[in-house]
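Q: coordinates only, no sequence provided:
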Ligand code: DC
């Protein structure tokens, strides 16, 4: 329905997109669509099935018979389900993080994801975060933002996040991983990370999360 508003936030890993999208969605009363979580959930299934992750046809077939849901319930964190199972925690493991690029680079899988994401966008107003939402999935989105931050700041935020959770951090390895993920995101042929021409760039290097959320919410409310 045309009266559903779609707000998209694309940008590189570690820029704070998910946190910002989640908070903006809450303030606007919209659903939150974490598209990275969908790629991650399919990765969980592929890893469990011990599929050859280089086998694109096998990955596409898997996507076609998989049901991934993003469950938005008032006052609760987003629940990610894979064929009905809650995988919200499982999808954040390092193993999943490091293998999701196989899933994300496969055009046929991206096509299946695109259909799921567009359907969600038709059903409700939402704030989505990802890589190709403004360019490929929702080229007509009402509001497009591209959230960026300096590489070192993105690394530092990830380090702080892990430390806050009490997890051990190998800072050098984390930096190398993030550089690698940037490279893969920017250079893959299907759905690369790219700023849409009409997206508003937000450089969050010296902004707090609240400032970024305020900027997005005010922009949407001023024109809604
Ligand atoms: O945002 P994230 O770190 O949860 O994303 C996980 C992976 O999924 C990452 O490798 C990039 C990929 N991704 C994508 O290709 N397209 C999207 N719209 C969202 C995520």
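A: Happy to help now that I have it. Being a predicted model, the structure only gives us computed values, none of them experimental. Numbers count the residues shown, from 1 in each chain.

Q: near the ligand, which residues of the chain are found?
A: 13, 35-36, 39-40, 100-101, 104, 130-133, 185, 191 (Cβ under 6 Å from any ligand atom). Every C-beta, even on glycine, is put in place using the N, C-alpha and C of the backbone.

Q: filter the residues you listed down to the ones in helices?
A: Members of the residues of the chain next to the ligand lying in helices (criterion: DSSP state H): 35, 36, 39, 40, 100, 101, 104, 185.

Q: picking that back up, in the residues of the chain next to the ligand, find the pair that's most separated.
A: Farthest pair in the residues of the chain next to the ligand (Cβ to Cβ) is 101 and 133. Separation: 17.7 Å.

Q: when those two are compared, which one has more neighbours?
A: residue 133 (28 against 18; other Cβ atoms under 10 Å).

Q: find the nearest non-adjacent residue to the more buried one, please.
A: Once flanking residues are discounted, residue 133 sits nearest to residue 8: 3.8 Å by Cβ to Cβ, 6 or more residues apart in numbering.

Q: check the secondary structure at the one you found for me.
A: Secondary structure for residue 8, judged by DSSP: H, G, I helix; E, B strand; the rest coil, is strand.

Q: contacts only, for it.
A: With contacts defined as Cβ atoms under 8 Å, 6 or more residues apart in numbering, residue 8 is in contact with 127-130, 133-134, 137-138, 141, 143-145, 199.

Q: swap in 7 Å and give it another go.
A: Shown in contact with residue 8 (Cβ atoms under 7 Å, 6 or more residues apart in numbering): 128, 133, 134, 138, 141, 144.

Q: in the sheet, who's paired with it?
A: Beta-bridge partners for residue 8, by DSSP bridges, are residue 128, residue 144.

Q: and it, how far is that from residue 113?
A: 14 Å (Cβ to Cβ, to the nearest Å).

Q: now the nearest residue to residue 185 once chain neighbours are set aside, what's its secondary structure?
A: Distance criterion Cβ to Cβ, 6+ apart; nearest residue to residue 185, sequence neighbours excluded, is residue 193 at 4.1 Å. Assigned with three-state DSSP, residue 193 falls in the coil class.

Q: residues near residue 193, how many?
A: A count of nearby residues for residue 193, using other Cβ under 10 Å, gives 20.

Q: just confirm residue 197 is within a helix.
A: No: counting by three-state DSSP, residue 197 falls outside a helix, being coil.

Q: buried sites along stretch 154-169?
A: Residues 154, 155, 156, 157, 158, 159 are the ones in stretch 154-169 that count as buried (16 or more other Cβ atoms under 10 Å).

Q: just stretch 77-92 next, same as before
A: For stretch 77-92, burial by neighbour count (16+ other Cβ under 10 Å) applies to 78, 80, 82, 87, 88, 90, 91.

Q: before we move on, what about stretch 177-187?
A: Neighbour counts using 16+ other Cβ under 10 Å place 177, 178, 181, 182, 184, 185 of stretch 177-187 among the buried residues.

Q: okay, strands next: where are they in the protein?
A: Remark: strands assigned in the chain by DSSP state E are 6-10, 31-34, 68-71, 79-82, 85-86, 126-130, 143-148, 200-203.
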